[in-house]
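Visitor: Quick one, what's the 3D model for this:
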Amino acid sequence: MKDFLRKRLLAVATAAAIAGAGTYAVNHPDQPSTAVQLAMEIGAHYESGGRHIGTPYIDKIGKGQPWTVCNGVTGAGVVPGRYYSPDDCKRLELPIYQAAEREGRRLFFQWDSYNVWVQASFIDMIYNLGAPAVAGSSMRSLANAGNLPGACAQQPRWVLGTVNGQKVRMPGLVDRRGTTAELCADWGRDGHFSVAALEVIR
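Guide: Residues are numbered from 1 along each chain as shown. The predicted structure is shown next:
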């Protein structure tokens, strides 16, 4: 994981702890969980390099080349030619991330036993890949069988994107999956340095 992102994730976790965001109602629209905040930071880093992207563009990796804006938001709500402010992007992104978290709770039977780093890694996978792909994955099967290390080790396999109808190994996805795998396997492990950062959150 790049040092910049490592520092950003720790800063987000610390800020969430100070704000008392460690416990909350899952469906509260204005108070995302720490795990969602961390997943949004991961998305911002890998979707736009941490920079705000306010003008819709064609996503050449996705199927059908849909219009995309902000940090990977696609669909009917994206209007070509419109400028999206950072607040607009947050309004678009947050419900999708919260929906990904709800899917995570549904798909992973031991969700509440995972710390926020593990949860954030799965939320990012669901946000980036879609719940159906995660639902049918070996990653989910291993996690639900109680083999979290094995599930984490599956994440780096998801590095192919579709370009001009062909499956291509994408360097950005390699880096992204390396980050989520590290969060899942290492930061989620008892005794890791990051566990101390969670004590004030819990």
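Visitor: going forward, measure contacts between C-alpha atoms and count neighbours the same way
Guide: Will do.
Visitor: which stretches of the protein aren't confidently modelled?
Guide: 20-30, 50-52, 60-65, 191, 194-202 (pLDDT under 70).
Visitor: where do the helices sit along the protein?
Guide: 3-19, 34-48, 86-107, 116-129, 131-135, 138-144, 148-154, 171-182, 193-198 (DSSP state H).
Visitor: Distance from the shortest one to the middle of the chain?
Guide: A distance of 14 Å separates the centroid of the chain from that of helix 131-135, by CA atoms, centre = their mean, to the nearest Å.
Visitor: Tell me the buried residues in that helix?
Guide: Of all the residues in helix 131-135, those buried under the rule 16 or more other CA atoms under 10 Å are 131, 134-135.
Visitor: Specify which member of those is nearest to Gly161.
Guide: Val134 (15.6 Å; CA to CA).
Visitor: doesn't Met125 make contact with that closest one?
Guide: Yes - using CA atoms under 8 Å, Val134 makes contact with Met125 at a distance of 7.4 Å.
Visitor: can you list residues touching both of those two?
Guide: With CA atoms under 8 Å, 6 or more residues apart in numbering applied, the contact sets of Val134 and Met125 do not overlap.
Visitor: any idea how far the nearest residue to Glu93 once chain neighbours are set aside is from Ser85?
Guide: Nearest residue to Glu93, sequence neighbours excluded (CA to CA, 6 or more residues apart in numbering): Val73, at 6.7 Å. Separation of Val73 from Ser85 (CA to CA, to the nearest Å): 13 Å.
Visitor: and if you look at Ala16?
Guide: Ala16 is 23 Å from Ser85, by CA to CA.
Visitor: more neighbours, these two?
Guide: Taking neighbours as other CA atoms under 10 Å, Ala16 and Ser85 compare with Ala16 leading, 21 against 14.
Visitor: And Asn128, how far from Thr74?
Guide: 11 Å.
Visitor: what's the answer for Ser137, then?
Guide: According to CA to CA, Ser137 and Thr74 sit 23 Å apart.
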